[in-house]
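Chemist: coords below, sequence missing:
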């Protein structure tokens, strides 16, 4: 069952990202749409250019968001920083949020002008963001505790119910229906059963089970089907997550090194924003 607080939390972050992107697009549209050679004549060129107060500010704030999002997630995951107050699954969403919002601001900081070493940093950043989205999908496929700790295969298997026993003792169902239900909850790759949850509802209705019992059985079946699927995918997803790190981390390091070089060069040329 989805946690409404978690859903609201993600929704708010998505809305913030969309709102910021729309605002930045609307505010600078008249500047960004111009060819690069014509932007110098824009009345607000000194404001929107990458070294301008607005443009440079986007770069600084965006970079800070990325670094903060990465740092706090690593500190919590590897060094148990504020472990009592920061749940890993919520912090992961916050990490992803900052590492999407930050690059968007950096994109507008570049004024959509890429060249030289900056282009390497930008495309590395793009690769990090895209691989991060893939990584989140893999991450949520792996069952975890409420705190976000990854469950082992044995722990997931222990979550399964002795469905046949419950159906026999609690609901007094005949053996043929119990066999059909148990088969339905198995992973599709290991079962030849063609029965669906919708079909099961019809069967239970024909056997004149009270509505409350039908609802309870369907709920159990859905839970067991979900667990069976997770068990079947668990080891595959764990391997994929390891391979994902091999792709994600190098691009992140390349981006970080180039950003540091970019900052050093920028400061050495006297661009210090409001400081």
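Modeler: All right, it came through fine. The structure presented is a predicted model; accordingly, all values stated were derived computationally and were not measured. Numbering: from 1, shown residues only.
Chemist: Tell me how far the closest residue to residue 93 other than its chain neighbours lies from residue 37.
Modeler: The shortest distance from residue 93 to any non-neighbouring residue, by C-beta to C-beta, 6 or more residues apart in numbering, is to residue 10 (5.9 Å). No exception for glycine: its C-beta is placed from N, CA and C like everyone else's. For residue 10, the distance to residue 37 (C-beta to C-beta, to the nearest Å) stands at 42 Å.
Chemist: okay, these two: which has more neighbours?
Modeler: residue 10 (15 against 7; other C-beta atoms under 10 Å).
Chemist: and residue 104, how many neighbours?
Modeler: Neighbour tally, residue 104, other C-beta under 10 Å: 18.
Chemist: ditto for residue 211
Modeler: Residue 211 sits with 9 neighbouring residues when counted by other C-beta under 10 Å.
Chemist: hang on, the earlier thing: can you tell me the helix or strand for the residue nearest to residue 93?
Modeler: helix 4-32 (DSSP states H and E).
Chemist: what's the next secondary structure element after that helix?
Modeler: Next along from helix 4-32, by DSSP H and E: helix 45-48.
Chemist: tell me the mean pLDDT for the longest helix anywhere in the chain?
Modeler: In terms of residue count, the longest helix belonging to the chain (DSSP state H) is helix 211-268. For helix 211-268, the mean per-residue pLDDT is 80.
Chemist: Report all helices and strands that that helix contacts.
Modeler: If you count contacts as 3 or more C-beta pairs under 8 Å, 6 or more residues apart in numbering; DSSP states H and E, helix 211-268 packs onto helix 53-79, helix 117-141, helix 153-158, helix 163-169, helix 175-185, helix 197-206.
Chemist: Run the angle between it and helix 197-206 for me.
Modeler: Here helix 211-268 runs at an angle of 160 degrees relative to helix 197-206 (axes from the mean of the first three to the mean of the last three C-alpha atoms, to 10 degrees).
Chemist: related to what we said a few turns ago, could you dump the helices and strands packed on helix 211-268 into JSON lines and include distance to residue 268 and mean neighbour count?
Modeler: Below are these laid out as JSON lines (distance: least, C-beta to C-beta, whole Å; neighbours: other C-beta atoms under 10 Å):
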{"stretch": "helix 53-79", "distance to residue 268": "15", "mean neighbour count": "17"}
{"stretch": "helix 117-141", "distance to residue 268": "15", "mean neighbour count": "16"}
{"stretch": "helix 153-158", "distance to residue 268": "53", "mean neighbour count": "12"}
{"stretch": "helix 163-169", "distance to residue 268": "68", "mean neighbour count": "15"}
{"stretch": "helix 175-185", "distance to residue 268": "64", "mean neighbour count": "16"}
{"stretch": "helix 197-206", "distance to residue 268": "65", "mean neighbour count": "13"}
